[in-house]
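Undergrad: predicted coordinates and the sequence they were generated for:
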Amino acid sequence: MRQTTYDTEQDILDRAVLVSLVTQDIKRGSSDPEHSLEELVSLAETAGVEVLSTMVQNKEARDTKWFIGKGKVEELKAMADELGATTAIFDQELSGAQVRNLEEALDLKIIDRTQLILEIFAQRAKTREGIIQVELAQLSYLLPRLSGHGKNLSRLGGGIGTRGPGESKLETDRRHIRDRISDLKNVLEEVVRHRTLHRERRRKSGVPQVALVGYTNAGKSTLLRELTQADVYVENQLFATLDPTSRNLELPSGKEVVLTDTVGFIQNLPHDLIAAFRATLEEVLEADLVLHVIDSSSPMREEQIAVVENILQELGAAGKPTLRIYNKIDLCQDDGSELLPANREDALVMSAYRAEDLLRLRQIIQDRMTGDTRTFVLPAERGDLIALAYRTGDVIAQDVDGDHMRLTVQLNKQDYEVHGYKLESYVEQV
């Protein structure tokens, strides 16, 4: 496949002013504009941007031409000139026309929240699948905005907004972009086919699947590392994990499950990105148990939970068996436990760095994967049924009674749902 993602080294560090428009619709919405701007600062720093200052405008509605008010544009230009900014990053999505107008008025590179997130993903994509997914999302985002990105794409030097797919032709060859999108979708379909076959093989092996999901930087990769001793990248930054990682996790009984880490979610996650990464996120759909990892120490904890649950619903995974893991309890001031739910079957308050908490989590996963205990009375000559009973759980007692064998089995839910119907008629009647 032709490689079109440029080198991630930046010749010139972007120096940016961050801008947020707070309209009445945003105030009535579920997200907190102040927290969203704080998150934008973290996103910019993650992308390698030097944040010089922030600017907020409260306005009834967005300006169709400038996005912010004309007077605010002049104020932004004065601030950028004084600070020596090279870039303005907006916390909301801009139209192509708004980008063009702002570029001409400010003589700055104009980036919106969506493009910034796409940039971070472009920096982090390492696998062939990840690179394809990011490029597809970038092209899908840029195609309807080609007329608004002329200066962005022609500026010299590196930095955010200039990394990515075929800049020299974006403005002049729409057909090329559409053809490239079509090619990428075809390649991704093949990747999806291979991933589906791989998942089917894993399922046929009878090993249960557990998926880690959560808001970005909630501690999913740390939890994977501490549970499985996996050599995975762990860093206190947004989107530290992009490509999914699967490792075997041994439970207290000695049985194993496959534990998969997935990309973190964030509010206003670009729709094109969700669509492009759907094949990766479908790991969640195949999971027998979803571990929703939550940053207990975040002041926006409840809002972040809602974001994750909304995206899971969009993926069609809202009804999956789920365990909420309130992680990072060690970072909560005054422990913070009075604000958290009590430990119960569907929630666990813990720290990924406490051995006793990890052991308790393993036990909960095992309990959630384990079904009822049943006794089967099987004909001794039916070796196939006896072997099946051993495959569908842990045999905790056995006894020979004449021509029959009595097996007491602690069932594995997944295995019994697939194969157990063959044993139903042999359940001992009490």
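TA: That came through fine.
Undergrad: quick one: pLDDT of Arg128?
TA: Looking at Arg128, its pLDDT is 82.
Undergrad: repeat for the one 10 residues further on
TA: The score at Gln138 is 89. That number is its pLDDT.
Undergrad: could you count how many residues lie near it?
TA: 26 (other CB atoms under 10 Å). (Each C-beta comes from the backbone N, C-alpha and C, glycine too.)
Undergrad: same thing with Gln333?
TA: Using other CB under 10 Å, the number of residues around Gln333 comes to 6.
Undergrad: contacts only, for the residue lying closest to it once chain neighbours are set aside.
TA: Using CB to CB, 6 or more residues apart in numbering and skipping the chain neighbours, the partner closest in space to Gln333 is Ser297 (7.9 Å). Each residue near Ser297 by CB atoms under 8 Å, 6 or more residues apart in numbering is listed here: Lys328, Ile329, Leu331, Cys332, Gln333, Gly336.
Undergrad: and those, which is closest to His404?
TA: Ile329 (51.4 Å; CB to CB).
Undergrad: I'd assumed the residue nearest to Gln333 was in a helix, is it?
TA: No - using DSSP: H, G, I helix; E, B strand; the rest coil, the assignment for Ser297 is coil, not a helix.
Undergrad: quick one: residues contacting Asn327.
TA: Ala218, Gly219, Thr222, Leu223, Val293, Ile294, Asp295, Ser296, Met350, Ser351, Ala352.
Undergrad: if we use 6 Å, what do you get?
TA: Gly219, Val293, Ala352 (CB atoms under 6 Å, 6 or more residues apart in numbering).
Undergrad: by neighbours, which of those residues wins?
TA: Gly219 (28 neighbours).
Undergrad: now the residue nearest to Ser298 when sequence neighbours are not counted: how far from Leu269?
TA: Leaving aside its chain neighbours, Ser298 sits nearest to Gln304 (6.1 Å; criterion: CB to CB, 6+ apart). Per CB to CB, to the nearest Å, Gln304 is found 12 Å from Leu269.
Undergrad: leaving out sequence neighbours, find the closest residue to Leu281.
TA: Leu315 (5.6 Å).
Undergrad: could I get the full set of strands for the stretch 51-200 of the chain?
TA: With DSSP state E, counting those that start in this stretch as the criterion, the stretch 51-200 of the chain has strands at 87-90, 109-112.
Undergrad: how about the last one as PDB, C-alpha atoms only?
TA: So that's strand 109-112. Output of strand 109-112 as PDB, limited to C-alpha atoms (Å, rounded to 0.1, in the frame of the first residue of the first chain):
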ATOM      1  CA  LYS A 109      -2.800  28.400  10.500                       C
ATOM      2  CA  ILE A 110      -6.400  27.500  11.600                       C
ATOM      3  CA  ILE A 111      -7.100  24.200  13.200                       C
ATOM      4  CA  ASP A 112     -10.300  22.900  14.800                       C
END
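Undergrad: which neighbours does it have in its sheet, and in what orientation?
TA: Sheet pairing for strand 109-112, assigned by DSSP bridges, gives strand 87-90 (parallel).
Undergrad: can you redo the contacts of Asn327 as TSV with pLDDT?
TA: TSV is the format used below for these (pLDDT from 0 to 100):
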residue	pLDDT
Gly219	90
Val293	95
Ala352	92
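Undergrad: pick the one among those residues closest to Gln229.
TA: Ala352 (12.7 Å).
Undergrad: so the closest one: helix, strand or coil?
TA: Under three-state DSSP, Ala352 comes out as coil.
Undergrad: my guess is it contacts Leu223, does it?
TA: Yes - contact criterion CB atoms under 6 Å: Ala352 and Leu223 qualify, at 4.6 Å.
Undergrad: for Leu251, list the residues it contacts.
TA: Arg362, Gln366.
Undergrad: redo that, cut-off 7 Å
TA: For Leu251, the contacting residues are Val257, Arg362, Ile365, Gln366, by CB atoms under 7 Å, 6 or more residues apart in numbering.
Undergrad: now Ser246
TA: Contact analysis of Ser246 by CB under 7 Å, 6+ apart lists Val258, Leu259, Thr260.
Undergrad: just the ones in helices from those residues, please.
TA: Using DSSP state H, no member of those sits in helices.
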